[in-house]
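[1] Mind folding the following:
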Amino acid sequence: MYKWIFSICAAIGLFAACSNSSKPSNQLGQITFAEHIAPIIHQQCTKCHIEGEAGPFTLVTYSDIAKRGKLIKYMVTERLMPPWPADPTYSHFADEMVLTDSEIEWISKWVDSGMPPGDTSQLETPASIIKKVHLGKPDMVIKVPPIQLKGNNEDLFLVMKIPYEIDRDTFVRAIEYVPGNKRLVHHVNTHLIQFDASKKKNVFQGKTYVNQDQSNSQSIHKELGILHDDGTYPSMTPSVSNYLPGALFSFYPEAIGGYVFPKKGAFYLNDLHYGPTSINATDSSYYNIYFAPTPPKRPVSEFQIGTLGIAPVVPELIIPANTTKTFHIQTTIPQDVSLISIVPHMHLIGKSFWAYAVKPSGDTIPLIRIRNWDFRWQYFYKFKQLLKLPRGTVIYVEGVFDNTAQNPNNPFSPPQEIRERNGSMKTTDEMFQLIVTYVPYQKGDEHFDLENAQP
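    As a prediction, this is how the structure comes out:
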């Protein structure tokens, strides 16, 4: 459920933070859509409020935005949107969806003054805005066969193989998973199988998917036809494309990441999780493939601590009914690394999440603090610059879980014991993880701009 890729933002687009604008609104004169409001909306809202994305309506043109002006004002002043869980007073990330106090004031005054359009002739065309949001046309699209979901109010976990065959081996810069049913697709972990063409005649042989709960890993691999014809395993690159609620897709900068893309290969979805639904539904997801002209320069790695990770949750992740309980994770970094992104992960009764690092020198590096955990928004938080953690640095994580009746997200009424169950990813069980994406450190990484570097 990792990496940064993909997008979800719902309702309407803005959220206030506690930072201040450098230009108070009382010096602006008349606030107009063209000069003041459009740049805010297009930067913070349109990426989700556009056809094909999660927002329930589009926010591109003056007409789109003006007809929902009062709703926008309400969502902004109540600090409900955009959903950016990370505390901006603790640490900062690339592409933060956070508004200043003054920007919120501008929107409010613009609505109250009748939403004057200003000179809209100089605004970008809707087609230009949409092109920026969608990051260009992919070089290849690989469709996931439609999945029929039963309306039985139960989680569904599938393991899938999505094979493909192209003319020759090549390279890719990015692989984007696009969920067809964003309401039900909870998370996807995708690895890239690289078949040896001399050992695999038919990559399409085998089942498309099996139910994860009904098979063991060895039988799953055989049923899906993952092995070579001689019974050996192909090579596999882990975590080339993953999805979580809220994660926004973006490219790595040119010098970072990339994958070898073989002419005979397959996507291995080792965990495709659909949330419960009360009605029958269908999901038709797909992958966008963006080719690269050269081999990967600095392949990306990742590790996770906590549930299913290299360091345990302490104490054991068990939250008795009617209690609020705190848990910890810590791990020591064995080599110099440069962090790209982090992903905090909890389930429904998560209350708060806090992570920081302590260097061997004793200096503390704030990583992330989420004061009010929200299961619906789980971003891949990308740092503004590569963040060096020297060998011997210790990462500390603290998580608080609220298993009381006062927690509106509690899946049980009355509350009952909730715990980690052998790595179960069911939403009614719990997890506590920090997932870290990184590259081995190179001199000068501290100045590597992740936010503005060309992809």
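[2] Please count neighbours and contacts with C-alpha atoms only from this point.
    Noted.
[3] I'd like the distance between the closest residue to residue 413 other than its chain neighbours and residue 418.
    Nearest non-adjacent residue to residue 413, counting by Cα to Cα, 6 or more residues apart in numbering: residue 405, 7.1 Å away. Per Cα to Cα, to the nearest Å, residue 405 is found 13 Å from residue 418.
[4] now swap in residue 385 and tell me
    Taking Cα to Cα, one finds residue 385 at 38 Å from residue 418.
[5] can you check residue 219 too?
    30 Å.
[6] more crowded one of these two?
    residue 418 (20 against 12; other Cα atoms under 10 Å).
[7] could you pull out the helices for the stretch 101-250 of the chain?
    101-112, 126-133, 217-224 (DSSP state H, counting those that start in this stretch).
[8] Just put these in a markdown table and tack on mean pLDDT and distance to residue 207.
    What follows is these, written out as a markdown table (pLDDT from 0 to 100; distance: least, Cα to Cα, whole Å):
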| stretch | mean pLDDT | distance to residue 207 |
| --- | --- | --- |
| helix 101-112 | 92 | 52 |
| helix 126-133 | 76 | 36 |
| helix 217-224 | 84 | 5 |
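[9] shaky segments in the stretch 151-300 of the chain?
    213-217, 246-248 (pLDDT under 70).
[10] can you give me the strands for it?
    According to DSSP state E, counting those that start in this stretch, the stretch 151-300 of the chain carries its strands in the segments 156-165, 170-178, 185-194, 209-211, 235-243, 259-261, 264-274, 281-283, 286-292.
[11] nearest to residue 395, of those?
    Evaluated over those, closeness to residue 395 peaks at strand 235-243, with 22.0 Å, by Cα to Cα.
[12] Strand partners (parallel or antiparallel) of that closest one?
    strand 185-194 (antiparallel) (DSSP bridges).
[13] which parts of the partner strand are buried?
    185-194 (16 or more other Cα atoms under 10 Å).
[14] domains for the chain, by residue range?
    The chain resolves into domains spanning 25-133, 140-298, 302-447 when parsed by automatic domain parsing.
[15] CSV for the buried residues of strand 185-194, including distance to residue 172?
    Converted to CSV, the buried residues of strand 185-194 look like this (distance: Cα to Cα, whole Å):
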residue, distance to residue 172
185, 25
186, 25
187, 22
188, 19
189, 18
190, 15
191, 14
192, 11
193, 14
194, 13
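[16] about what we covered before: pretty sure the residue nearest to residue 413 belongs to a strand, no?
    No: looking at residue 405 with DSSP: H, G, I helix; E, B strand; the rest coil, it is coil, so not inside a strand.
[17] State the distance from it to residue 347.
    16 Å.
[18] From the neighbour counts alone, determine which of these two ranks first.
    Ranked by neighbour count (other Cα under 10 Å), residue 405 and residue 347 place residue 347 first, with 21 against 17.
[19] how far away is that one from residue 151?
    From residue 347 to residue 151 the distance is 22 Å (Cα to Cα).
[20] mind checking the SS state of the residue nearest to residue 109 when sequence neighbours are not counted?
    Sequence neighbours aside, residue 31 is the residue nearest to residue 109 in space, at 7.4 Å (criterion: Cα to Cα, 6+ apart). Recorded secondary structure, residue 31: coil (three-state DSSP).
[21] Residue 405 contacts residue 414, doesn't it?
    Yes: with contact defined as Cα atoms under 8 Å, residue 405 reaches residue 414; the gap is 6.7 Å.
[22] Assign residue 73 to helix, strand or coil.
    Three-state call for residue 73 (three-state DSSP): helix.
[23] That one and residue 119, how far apart?
    Going from residue 73 to residue 119 by Cα to Cα gives 22 Å.
[24] more neighbours, the two?
    Taking other Cα under 10 Å, residue 73 and residue 119 do not tie; residue 73 has more neighbours (21 against 11).
[25] Report pLDDT for that one.
    On pLDDT, residue 73 comes in at 92.
[26] Confirm for me that it is in contact with residue 115.
    No: counting by Cα under 8 Å, residue 73 does not reach residue 115; the two are 11.1 Å apart.
[27] bridging residues for the residue nearest to residue 265 when sequence neighbours are not counted?
    What sits nearest to residue 265 in space, not counting adjacent residues and going by Cα to Cα, 6+ apart, is residue 194, at 4.9 Å. For residue 194, the beta-bridge assignment (DSSP bridges) gives partners residue 235, residue 265.
[28] so what's residue 194 up against?
    234-237, 261-262, 264-266 (Cα atoms under 8 Å, 6 or more residues apart in numbering).
[29] okay if I get those as JSON lines plus distance to residue 89 and neighbour count?
    Formatted as JSON lines, those follow (distance: Cα to Cα, whole Å; neighbours: other Cα atoms under 10 Å):
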{"residue": "234", "distance to residue 89": "46", "neighbour count": "15"}
{"residue": "235", "distance to residue 89": "43", "neighbour count": "12"}
{"residue": "236", "distance to residue 89": "40", "neighbour count": "16"}
{"residue": "237", "distance to residue 89": "37", "neighbour count": "15"}
{"residue": "261", "distance to residue 89": "41", "neighbour count": "23"}
{"residue": "262", "distance to residue 89": "45", "neighbour count": "22"}
{"residue": "264", "distance to residue 89": "48", "neighbour count": "23"}
{"residue": "265", "distance to residue 89": "45", "neighbour count": "27"}
{"residue": "266", "distance to residue 89": "43", "neighbour count": "24"}
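[30] ok, so what distance separates residue 408 from residue 204?
    Distance, residue 408 to residue 204, by Cα to Cα: 46 Å.
[31] Those two - which one has more neighbours?
    residue 204 (19 against 13).
[32] tell me the contacts of the more buried one?
    163-164, 225.
[33] and with 10 Å instead?
    Applying Cα atoms under 10 Å, 6 or more residues apart in numbering to residue 204 gives the contacts 161-165, 224-226, 264-266.
[34] again, but for residue 160
    For residue 160, the contact set (Cα under 10 Å, 6+ apart) comprises 144-145, 190, 207-212, 220-221, 224, 266-272.
[35] Those, buried ones only, as a ChimeraX selection?
    In ChimeraX syntax, the buried subset of the contacts of residue 160 is picked out as below (16+ other Cα under 10 Å):
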select :144,190,207,208,209,210,212,220,221,224,266,267,268,269,270,271,272
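[36] Would you work out how far apart the start and end of stretch 195-210 are?
    Start and end residues of stretch 195-210 are separated by 20 Å (Cα to Cα).
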